[in-house]
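> please find the sequence and the predicted model below.
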Amino acid sequence: MEHLKGKGAFITGGASGIGLGMARAFVSAGMKVAIADIEAAPLKAAEAELKALGGECLAIHLDVSDRGDMHEAAHTCEAVFGKMHVLCNNAGVGGTGKPLDQVDDKDWDWAMGVNLGGTINGLQAFLPLIKSQGEGGHVVNTASMSGLRAYPNRGQGIYITTKFALVGLSEALVSDLAPHNIGVSVLCPGFVNTAIYKAGRNRPDRYGGPFAREDGGMLADGAKTGMDPNLVGEWVLEAILDNKLYIMTHDGERGMVEDRHNAIMAAFDEVAAREV
Ligand SMILES: NC(=O)c1ccc[n+]([C@@H]2O[C@H](COP(=O)([O-])OP(=O)(O)OC[C@H]3O[C@@H](n4cnc5c(N)ncnc54)[C@H](O)[C@@H]3O)[C@@H](O)[C@H]2O)c1
């Protein structure tokens, strides 16, 4: 997208961390910003902060894993802002920290429902609106470095599964949305200084209710020394303007992604060497 001033954006997980960083950057660029989140009090505080920055802002309390909530949000955004152009499927939870042979059905349902289901719900609710306006737009899906390599796992198997899915989904969207002049970015951060290590605070009762991860210390240490989420927000804004598919934040993780690709290429070399 070339011009963002006056354009409407919807950001899930907008009350905290990376989503709030995006909202600050978007408001500073003159966009109308709807932030959506499951946590009511931080959502109100974020809305007040964005309005104080001079932004036209709307706060929507919802659960991204609830399809009805997301469709209602799209109607609300259309009613209040008129047109919508940018969709940021950003809300995400880190999982329960258990090895994959020890997780239960609710562990799967929660992370799949929020990280992957929430993104699918965002696309289903907002793409018809963005397409119908005929003015183009942009989708940003927040994946992770965990969407590009599975090691080190650290009990993150479900999280890794959802984030790999988001990278594939984003790559598949590119050609489907190109005819509508809707660009796609997939954000793949390493550690960012947010409250992600306390994601269990938001687990709804139907998925087992709130909890604190036993290994939260390791994640907390990583997050607390992580990148400033406001800087991530600014880089997302740039990526929308430049229509960049991949948004990386941490060059130091390159080696692990290379190792994975080299292992895949080695498997191709092996099959090429077979005389069949
Ligand atoms: N912080 C990191 O180091 C890091 C690294 C890679 C990827 N990410 C991804 O960044 C995204 C944002 O996370 P963050 O780091 O800013 O963490 P955060 O916890 O600070 O923010 C996430 C927000 O999502 C909201 N949320 C959680 N479940 C929700 C639901 N069901 N419906 C609506 N809102 C919900 C939370 O209330 C919170 O405000 C996530 O997708 C996460 O996986 C974070």
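That came in fine, so what should we check first? Residues are numbered from 1 along each chain as shown.
> going forward, measure contacts and count neighbours with C-alpha atoms only.
Will do.
> how about the residues of the stretch 1-150 of the chain that lie near the ligand?
Residues of the stretch 1-150 of the chain lying near the ligand by C-alpha under 6 Å from any ligand atom: 12-19, 37-39, 62-65, 90-93, 114, 142-144.
> just the ones of the residues you listed in strands?
T12, D37, T142 (DSSP state E).
> what is the burial count for the last one?
Residue crowding around T142 was assessed by other C-alpha atoms under 10 Å; the count is 27.
> quick one: what helix or strand has N121 in it?
helix 118-133 (DSSP states H and E).
> which of the residues in that helix are buried?
Under the neighbour-count criterion of 16 or more other C-alpha atoms under 10 Å, helix 118-133 has G118, T119, I120, N121, G122, L123, A125, F126, L127, L129, I130, K131 buried.
> can you give me the distance of A150 to the ligand?
For A150, the distance to the ligand equals 13 Å [C-alpha to the nearest ligand atom, to the nearest Å].
> quick check: pLDDT value at that residue.
A150 carries a pLDDT score of 94 in this model.
> pLDDT weak spots in this structure?
The model of the chain has pLDDT under 70 over residues 215-218.
> if you set the cut-off to 90 instead, what comes out?
1-2, 55, 94-97, 151-155, 197, 202, 211-225, 275-276 (pLDDT under 90).
> if you count neighbours, what's buried in stretch 58-66?
Neighbour-count burial for stretch 58-66 [16+ other C-alpha under 10 Å]: L58, A59, I60, H61, L62, D63, V64, S65.
> ok, which stretches of the stretch 101-250 of the chain are strands?
137-142, 182-188, 246-248 (DSSP state E, counting those that start in this stretch).
> how about the helices of the protein, start to end?
Using DSSP state H, the helices found in the chain span residues 17-28, 40-52, 67-81, 105-111, 118-133, 157-177, 216-224, 229-242, 254-273.
> neighbours of R260, how many?
15.
> ok, now how distant is the residue nearest to it when sequence neighbours are not counted from the ligand?
With C-alpha to C-alpha, 6 or more residues apart in numbering as the criterion, R260 has its nearest non-adjacent residue at 6.6 Å, and that residue is R149. Using C-alpha to the nearest ligand atom, R149 is found at 12 Å from the ligand.
> which residues touch R149?
Going by C-alpha atoms under 8 Å, 6 or more residues apart in numbering, R149 touches M256, V257, R260.
> give me the number of neighbouring residues for the first one.
This points to M256. Around M256 there are 16 residues (other C-alpha under 10 Å).
> can you report phi and psi for the nearest residue to it once chain neighbours are set aside?
Nearest non-adjacent residue to M256, counting by C-alpha to C-alpha, 6+ apart: R149, 6.7 Å away. For R149, the backbone dihedrals (degrees, to the nearest 10) come out as phi -160, psi 140.
> from G168, how far off is R149?
For R149, the distance to G168 (C-alpha to C-alpha, to the nearest Å) stands at 13 Å.
> next to the ligand, which bits of the stretch 151-276 of the chain? Give me the list.
So far as C-alpha under 6 Å from any ligand atom goes, the stretch 151-276 of the chain lies against the ligand at P189, G190, F191, V192, N193, T194, A195, I196, A199, N202, A223.
> do that again at 8 Å, thanks
Contact residues, the stretch 151-276 of the chain versus the ligand (C-alpha under 8 Å from any ligand atom): 159, 163, 187-199, 202-204, 222-223, 226-227, 229.
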